[in-house]
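**Q** Would you be able to build a 3D model of this:
(2 chains)
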Amino acid sequence: MKRQLIAAVGVAAMVVGLAACGSDGKSDDSKSGSSSAAKNFDGKTLTVWLMDGSAPKGWEDSVKADFTAAYPGAKLDIQTQKWNGIGQKVTAALSEGSVDVLEIGNTQTAGYAATGGLMDITKDKANVGGADWAANLNESSTLDGKQYAAPWYFTNRVVTYNKDIWGKAGITTAPKTLDEFYADLDKVKTVQGVTDPLYMPGQEWYAYFGLLTSEGGKFAKKDGDKWAGGLSSPEAQKAFETYKKLQSYSATAPKDKDEATPQQKDVFAKGNIGTIIGLGWEIPKPEELSADKIGYFPLPGKTADKPSSVFLGGSNLAIAQQTKNPELAKGFLKIAMSDKNEGLMAGAGLIPNKTSLNSQVVGDFAKAALPASANGATTPNVPTWSNVENEPNPIKDFLTAALTGDYAAAAKKADDEIAKRLNQKQ
Amino acid sequence: MAVHSQRVQTQSPEPGMTAVAVTDEIATTGAERTPKKGRRPADGRSLGARSAPYLLLLPAIAATVFLLGWPLLKIAVVSFQNLNKRQFIQHLTEWNGFANYTEQLGSSEFWTITLRTVVFTAVNVVLIMVFGSLIGLLLDRLGKRMRLALSVALLLAWAMPIVAATTVYTWLFDQHYGVVNWFLDKLGWHSMADFSWTSGEYSTFFVVILLIVWQSIPFVAFNTYAGLTTIPKELYEAARMDGAGSFKVFGSVIFPILKPFFLATTFLEVIWVFKSFTQVYLINKGGPDGLTRTLPVHAFLEGFGAQRFGVGSAIAVLTILMLSLLMAYYFRIILKQEDEL
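**A** Model (predicted):
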């Protein structure tokens, strides 16, 4: 405490010095603005929570430098949080007011917005650089037409293939349509030693989500003031036919498990799997299968004009309603969302929040992910959505049931469960 | 055993576990009641001397009320509230009546989990009692040196903190680097080389049960051994003279004498296993697909995982009620026995 006080006094003295320098300078109008800002924020600390592994190398330093330049005297305290048990931690922090700005997963944002824990920044959207955020990326930051967060970074799943195996099958170019993809998989099937042309466990619901979005369907739709499940719709059934066809190329993948049990990257590492559909970090260790043996392309659509839709995973940055430094928090958001700092996210192989930065995206995976992200979507923007994803996830059970039995019955059961969970009292 | 380290483990405001621990306290106070029974006739001692025992009890009672009674009360109160993220963040209190309870009692998931917990407890307790008693009998027969070696081994297993033991087991049964899979592979069981123990309901339960049984055996073994030392050797000799074999000796001599001990130990194990949270949760978080959720894990996942604190509390209260019913049965037997004596 005492040391902090001394530091604050020291910083204050420096700032007064700076302000003094500024006042005897020439252009009074702009400088006086920044110096009065500096005075306001003397000794204030902005606490920011980021998730483990989110901010790429150099991002934190860059943001800190910009922050210090814009708000001399204020301290930026960036804390990295572990994913394990983060929900309870965020709830507690929003309740106590112990955090100013925090990273929230995009499927969780609406839920926290509805709790009243996040600040409504609709009026500040343009100021923090939100005028040209991609609409589909920004959607998860909004609820009922209001802006509660800033979209930070995104990623999505692409087809990840073993170059050796595809080479042996005699395939030289990536497929442009689903039919071409099926034809390629049939060729891969004939390669000696390949067990699965495509390894896709029955409960890979993110893949199904992409196909569903391509058909124009949704997991849930609002019916009056109640939510209803959307799996019984004709769009959902059409998407499922594609899903079933793709899954039929998986000889060894379990129909009643998701891609994490076992981790599909570990299965892929064995070298007898032609293809998986996965995220950028779902690749084997280099000593198991080296990176130059792995290729990527977006999952093709029914026609060649655009790839299949995808589930957009990602994170948003939100301001806590109880923050004591709203101005600093908004200033931080503006800095984090600047082209320079958002460009660093693109440079790390993530998809940035606006298309104008897409040219800065780096890496084979990210370049394959980018075209698919353009027509990607997130889960229905409902505060109670996270209830649906709580295990046992009814969508996963539905996929297993529909793959092994009657579609209509499975869809009806899942729709009832989805509706029950979405309409749960808040 | 399990209970002590577990209580330390759940110092965090974890309503389900703390509250369930209360039932143990009831068990202990119940056991302590025995010596008090021979009531002293009111003599002419001063008020101070007569109240001394109560004054001496006061710190223990105060600590119990503070550490166990208060969380229990909080849980009971919260279980009648609709307390989710929103209410928590905005500091709202919304009374809900019995809605949390009716929701649970009307859901098939709750009853599936309850049944699973009961079966899980039964399997564990039977294994613990059988193997614990056998090792206790072994301790009695072993020579001095081997007895010491076995006792030390048991003590070490007993002294190991639950979280540490669970971590060791997750590594033993790791899919790729686990020594168990390696060993099974070396034995010629090659399909087990990369077997994922946590992918299936039964294989996960196998690991959890092995862990809990391993941790609980020392307590039963030591108690059996301690009980056995109180049986006069002449009784065995007499039985042998009458031509009794080992099983007959156990059935006619050891078991009747140690019956109160077996009863108490079985009930303690039932409580400890029924509410064992750490092992089940740490091995696979109640997965895959919630198939190894037991009641305490369910209370935690609903309360903290899904952030429906009211619902989680209601599940915890229901768990306490179930254990209380069990304990009522136990007390009935104990009281009956006391009457017989």
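**Q** What is the helix or strand hosting A:Q237 packed up against?
**A** Using DSSP states H and E, the element containing A:Q237 is helix A:234-247. Where contact means 3 or more Cβ pairs under 8 Å, 6 or more residues apart in numbering or on different chains; DSSP states H and E, helix A:234-247 is packed against helix A:205-214, helix A:394-404, helix A:407-422. In short, each C-beta sits where N, CA and C put it, glycine included.
**Q** Out of those helices, which gets nearest to chain B?
**A** With Cβ to the nearest Cβ as the criterion, chain B lies closest to helix A:394-404 of the helices and strands packed on helix A:234-247, at 7.3 Å.
**Q** Buried residues, the closest one. List them.
**A** For helix A:394-404, burial by neighbour count (16 or more other Cβ atoms under 10 Å in any protein chain shown) applies to A:394-403.
**Q** ok, now how distant is A:N325 from chain B?
**A** Plainly put, A:N325 is 19 Å away from chain B if you go by Cβ to the nearest Cβ, to the nearest Å.
**Q** I meant A:D66, not that one.
**A** Between A:D66 and chain B the distance is 30 Å, computed by Cβ to the nearest Cβ.
**Q** center of the chain - which residue?
**A** You didn't say which chain, so I picked chain A. With distances taken as Cα atoms, centre = their mean, the residue of chain A nearest its centroid is A:G314 (1.0 Å).
**Q** my bad, the chain I had in mind was chain B
**A** Centroid-nearest residue in chain B: B:W272, 0.4 Å away (criterion: Cα atoms, centre = their mean).
**Q** From what I see, that one and B:V220 are in contact.
**A** No - applying Cβ atoms under 8 Å, one finds B:W272 not in contact with B:V220, separated by 11.0 Å.
**Q** Count the neighbours of A:L289 for me.
**A** Here the number of neighbours of A:L289 (other Cβ atoms under 10 Å in any protein chain shown) works out to 20.
**Q** Test my guess that it contacts A:I273.
**A** No - applying Cβ under 8 Å, one finds A:L289 not in contact with A:I273, separated by 9.9 Å.
**Q** Can you pull out the low-pLDDT segments for the chain?
**A** Just so you know, I chose chain A. Along chain A, segments meeting pLDDT under 70 span A:1-39.
**Q** looking at chain B here, not the other one
**A** Scanning chain B with the threshold set as pLDDT under 70 gives B:1-44, B:340-341.
**Q** near chain A, which residues of it show up?
**A** By the rule Cβ under 8 Å from any Cβ of the partner chain, the part of chain B lying against chain A is B:82, B:84-86, B:88-91, B:175-176, B:194, B:196, B:198-199, B:286-290, B:301, B:304-307.
**Q** Can you flag which of those residues belong to helices?
**A** Residues of the residues of chain B next to chain A located in helices (DSSP state H): B:85-86, B:88-90.
**Q** Going by neighbour count, which of those are buried?
**A** With neighbours counted by 16+ other Cβ under 10 Å, these contain buried members at B:85-86, B:88-89.
**Q** Out of those, which two sit at the greatest distance?
**A** With distances taken as Cβ to Cβ, the most widely separated pair in those is B:R86 and B:F88, at 7.2 Å.
**Q** buried ones in stretch B:181-191?
**A** Across stretch B:181-191, burial judged by 16+ other Cβ under 10 Å covers B:181, B:184.
**Q** Output that stretch as PDB, restricted to C-alpha atoms.
**A** What follows is stretch B:181-191 as a C-alpha-only set of coordinates in PDB (Å, rounded to 0.1, in the frame of the first residue of the first chain):
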ATOM      1  CA  ASN B 181      -1.600 -49.000 -20.400                       C
ATOM      2  CA  TRP B 182       2.200 -49.600 -20.900                       C
ATOM      3  CA  PHE B 183       2.100 -52.600 -18.600                       C
ATOM      4  CA  LEU B 184      -1.000 -54.100 -20.200                       C
ATOM      5  CA  ASP B 185       0.600 -53.700 -23.600                       C
ATOM      6  CA  LYS B 186       3.800 -55.400 -22.400                       C
ATOM      7  CA  LEU B 187       1.600 -58.300 -21.000                       C
ATOM      8  CA  GLY B 188       0.500 -58.800 -24.600                       C
ATOM      9  CA  TRP B 189      -2.800 -57.000 -24.400                       C
ATOM     10  CA  HIS B 190      -1.900 -54.700 -27.300                       C
ATOM     11  CA  SER B 191      -5.400 -53.200 -27.700                       C
END
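**Q** sec struct for A:Q79, please.
**A** strand (DSSP: H, G, I helix; E, B strand; the rest coil).
**Q** Confirm for me that it is in contact with A:M51.
**A** No - in this structure, A:Q79 is not within contact of A:M51 by Cβ under 8 Å, at 10.4 Å.
**Q** about what we covered before: after the host helix or strand of the residue nearest to the centre of chain A, which helix or strand is next?
**A** Element membership for A:G314 (DSSP H and E) is strand A:313-319. Per DSSP H and E, the first helix or strand lying C-terminal to strand A:313-319 is helix A:326-336.
**Q** any idea which helix or strand comes after that next one?
**A** Following helix A:326-336 toward the C-terminus (DSSP H and E): helix A:339-347.
**Q** Now do that next one against strand A:313-319, angle only.
**A** Orientation check (axes from the mean of the first three to the mean of the last three Cα atoms, to 10 degrees): helix A:339-347 against strand A:313-319 gives 150 degrees.
**Q** contacts for helix A:339-347?
**A** For helix A:339-347, contacts defined as Cβ atoms under 8 Å, 6 or more residues apart in numbering or on different chains pick out A:56, A:58-59, A:62-63, A:66, A:129, A:152-153, A:335-336, A:352-354, A:356-358, A:360-362, A:366.
**Q** same thing with stretch B:154-173?
**A** By Cβ under 8 Å, 6+ apart, the residues outside stretch B:154-173 that reach it are B:1-2, B:5-6, B:9, B:135, B:177-181, B:197-198, B:207, B:210-211, B:214-215, B:217-219, B:221-222, B:278-279, B:282-283.
**Q** and the contacts of helix A:339-347, which are buried?
**A** A:59, A:62-63, A:66, A:129, A:152-153, A:335-336, A:352-354, A:357-358, A:361, A:366.
**Q** Can you pull the residues that touch both of A:L289 and A:I273?
**A** The contact sets of A:L289 and A:I273 overlap at A:N162 (Cβ under 8 Å, 6+ apart).
**Q** Export the strand holding A:G314 to CSV, keeping only CA atoms.
**A** Taking Å, rounded to 0.1, in the frame of the first residue of the first chain, the C-alpha atoms of strand A:313-319 are listed here in CSV:
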residue,chain,number,x,y,z
GLY,A,313,-15.3,-19.2,-32.0
GLY,A,314,-13.7,-16.2,-30.4
SER,A,315,-13.6,-13.7,-27.7
ASN,A,316,-15.0,-10.2,-27.0
LEU,A,317,-13.7,-7.5,-24.7
ALA,A,318,-16.3,-6.0,-22.4
ILE,A,319,-16.4,-3.3,-19.7
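**Q** Show me what it is packed against.
**A** Using 3+ Cβ pairs under 8 Å, 6+ apart: strand A:313-319 touches strand A:101-105, helix A:109-114, strand A:150-155, helix A:326-336.
**Q** is it possible to export those to a markdown table including distance to A:K265?
**A** Listed next are the helices and strands packed on strand A:313-319 as a markdown table, based on distance: least, Cβ to Cβ, whole Å:
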| stretch | distance to A:K265 |
| --- | --- |
| strand A:101-105 | 21 |
| helix A:109-114 | 28 |
| strand A:150-155 | 15 |
| helix A:326-336 | 30 |
